[in-house]
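Peer 1: just to be clear, the model below is a prediction. Sequence and coordinates:
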Amino acid sequence: MTKHQMSFACIYVPEFPVEALLRNAPELRQQGVAVLDGTPPLLTVIAANTRAQQAGIEVGMTKLQAEACPGVTLRRRSLDQENAAHDALLDCAYGFSPRVEDTNQRSPGNNQPGGTIILDVAGLDRLLGPPAKIARNLSGSVTKMGLAANIAIAASPDAAMHLARGFPGITVSAPGTEAKRLAPLPVHLLEPQPEMLETLERWGIRNFGALAVLPKVALSQRLGQEGLRLQKLAQGRAERTLIPAEPALKFEEALELEDAIELLEPLAFVLNRLLEQICVRLMARALATNELRLTLEVTGHEDQPAEEQVASRAVHQRSLQFPVPMQDSRTFLKLLQLDLAAHPPSGPVKKIAIAAEAVPPRFAQSGLFLPRGPAPERLELTLARIRGITGDDRVGSAELLDTHAPEAFRMRPFHAGNEKREKRTYSSKTAMSGAPTSMITYTPKPEFQRTAMRIFRPPLPTRVHTKQGAPVRVFLRGQPHQVTAVAGPWRKSGGWWSEQSWTRDEWDLELRAEQTAPMLVRVYRDLSSAKWFVEGSFD
């Protein structure tokens, strides 16, 4: 490829509905698989892989006719899986080029949306090598997505598309050889109108090469401008502008199961497959995720009638947020297992959907003289195990609530925040001499001494002697302490409109005992019970 030459690659997935299903069931790749669509009982075959076609399956067969073919697995069409496979193809293409076209074409009699992606690969030879190597890299990336595709590279988008649809595997056409490479392809790949296709068949025009050599004037007189357009496509000379698709960041995987899953262990096996697909797609776009959303469609038990199973369907949703962006599917799986063990679904699972919130990956560089901390993934797993033992409301970072109630806080999940660095104050001074100079000075932030209070949970019951309403002696753990300084009281009350009402008087006291150093404590009197407690001590 030279600098001024255009070059386009096409990713084409044959029998796209079948491939979308095999992406989540790779164990069926060695079997014949046919996809059914329609409204029961009028189900017909819309796609079949090579093994199924060899067994006698044809597009348009009814379900009853397809069941007569031995060794063929029949599956219902899944639009959710097709949409996920289509998004995976886009992720793969955007990993190579920013100019990607989503053709999403529907051929007559062939219902395969989203199986063709075209991308501009001009200039990639400087990064990835010659066109043949680019095609191999594309093929490997699509394989990682769980799909089998044909890859073709040519000088025009349409030529690359027809080569990918006509030849299996990898096809690379050198500039100027498109007509020769396209010549043996059947003419129906041009997708002409049925009447025009019938006319070409009557003329004996059955491949691209026969159409390419027809006289232009005679062809125009009989088929008009549409005939000339088809001839240019057959010759590989059609030129058009690539229509870039909007790069939507949508990372969702869904799977509807043939049989409902009741146990968490087989459910984890299916979750692992979906999580691996999401992580591969994220890495193809150089992204990570800090939130996973799991949706499980729960149905009734198998011993219930079919009508009751449909009526008892419910949705079980869980959301996991991570302190840092991650890409590790094994970590995600373990976190989901621990979460589902603590919050199991109410019945057998019939459908699974996982969505990931895409964010830029984490870039961290440790200090040269700082100890290395634990990996965020391992730390998150440890916290998840602790949450499974103690509960979700006992692990995380404490967050104060907007109230004056004592010990009013809640536990929030850990989140990575920006480190607040100490602000520096700079000032410029001009020298008294005639030469203008500037001097930057650094004013350090003044340091303040702060006192921290250690809260006792639960507060320590105590006995207090008072004089004129103020504490004068406190029995702390049975030992008397003389009060040498008093601050207070401060009366706090609230929640009178609810059952959790509270009212108390607080004091900050300096206590001294024999042969011990003085200590600062906070005591309070519960006015509803008239009892005294030591709430904490000051450092």
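Peer 2: The structure has been received and is ready for your questions. Numbers count the residues shown, from 1 in each chain.

Peer 1: does the nearest residue to Asp102 once chain neighbours are set aside belong to a helix, a strand or coil?
Peer 2: Once flanking residues are discounted, Asp102 sits nearest to Ala245: 4.0 Å by CB to CB, 6 or more residues apart in numbering. For glycine as for every other residue, the C-beta is placed from the backbone atoms N, C-alpha and C. Put simply, Ala245 is coil when judged by DSSP: H, G, I helix; E, B strand; the rest coil.

Peer 1: center of this protein - which residue?
Peer 2: Against the mean C-alpha coordinate of the chain, by CA atoms, centre = their mean, the closest residue is Ala356 at 2.2 Å.

Peer 1: hmm, Gln277 and that one touching each other?
Peer 2: No: using CB atoms under 8 Å, Ala356 is not in contact with Gln277; the gap is 10.3 Å.

Peer 1: where does this structure dip in pLDDT?
Peer 2: 1-5, 105-114, 301-312, 365-367, 370-373, 415-449 (pLDDT under 70).

Peer 1: show me where the stretch 251-400 of the chain has helices.
Peer 2: 264-284, 306-311, 329-342, 376-390 (DSSP state H, counting those that start in this stretch).

Peer 1: using CSV, lay out those helices together with mean neighbour count and distance to Glu82.
Peer 2: Listed next are the helices of the stretch 251-400 of the chain as CSV, based on neighbours: other CB atoms under 10 Å; distance: least, CB to CB, whole Å:
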stretch, mean neighbour count, distance to Glu82
helix 264-284, 19, 14
helix 306-311, 12, 24
helix 329-342, 18, 22
helix 376-390, 15, 32
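
Peer 1: make a markdown table from these and add distance to Pro406 to it.
Peer 2: Listed next are these as a markdown table, based on distance: least, CB to CB, whole Å:
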| stretch | distance to Pro406 |
| --- | --- |
| helix 264-284 | 40 |
| helix 306-311 | 48 |
| helix 329-342 | 29 |
| helix 376-390 | 22 |
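
Peer 1: strands of the stretch 301-450 of the chain, start to end?
Peer 2: For the stretch 301-450 of the chain, the strands defined by DSSP state E, counting those that start in this stretch cover 314-326, 349-359, 397-400, 409-412, 425-430, 438-443.

Peer 1: mind listing what Gln337 touches?
Peer 2: Leu264, Ala268, Leu271 (CB atoms under 8 Å, 6 or more residues apart in numbering).

Peer 1: list the buried residues in stretch 47-54.
Peer 2: Ala47, Ala48, Asn49, Arg51, Ala52, Gln53 (16 or more other CB atoms under 10 Å).

Peer 1: make a markdown table from these and add secondary structure and distance to Ile153 to it.
Peer 2: Output for these, formatted as a markdown table (DSSP: H, G, I helix; E, B strand; the rest coil; distance: CB to CB, whole Å):
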| residue | secondary structure | distance to Ile153 |
| --- | --- | --- |
| Ala47 | strand | 26 |
| Ala48 | strand | 28 |
| Asn49 | coil | 25 |
| Arg51 | helix | 29 |
| Ala52 | helix | 30 |
| Gln53 | helix | 28 |
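
Peer 1: can you tell me which of those is closest to Glu407?
Peer 2: Proximity of those to Glu407 was ranked by CB to CB; the top entry is Ala47 with 62.7 Å.

Peer 1: quick check: that closest one vs Thr382, distance?
Peer 2: 46 Å (CB to CB, to the nearest Å).

Peer 1: kindly report the same for Ser537.
Peer 2: For Ser537 relative to Thr382 (CB to CB), the value is 31 Å.

Peer 1: still on that earlier bit, most tightly surrounded among the strands of the stretch 301-450 of the chain?
Peer 2: Of all these, strand 349-359 has the most neighbours on average by mean count of other CB atoms under 10 Å, namely a mean of 20.

Peer 1: ok, now how distant is Leu219 from Ala234?
Peer 2: Taken as CB to CB, the span from Leu219 to Ala234 is 11 Å.

Peer 1: of the two, which one has the most company?
Peer 2: Ala234 (28 against 16; other CB atoms under 10 Å).

Peer 1: just confirm the more buried one contacts Leu214, I think it does.
Peer 2: No: checked against CB under 8 Å, the pair Ala234 and Leu214 is beyond contact range at 9.1 Å.

Peer 1: which strand or helix spans Thr171?
Peer 2: strand 170-172 (DSSP states H and E).

Peer 1: what packs against that strand?
Peer 2: For strand 170-172, the packing partners by 3 or more CB pairs under 8 Å, 6 or more residues apart in numbering; DSSP states H and E come out as helix 131-144, strand 150-154.

Peer 1: so which of those comes closest to Val472?
Peer 2: Going by CB to CB, the one of these nearest Val472 is helix 131-144, 77.0 Å.
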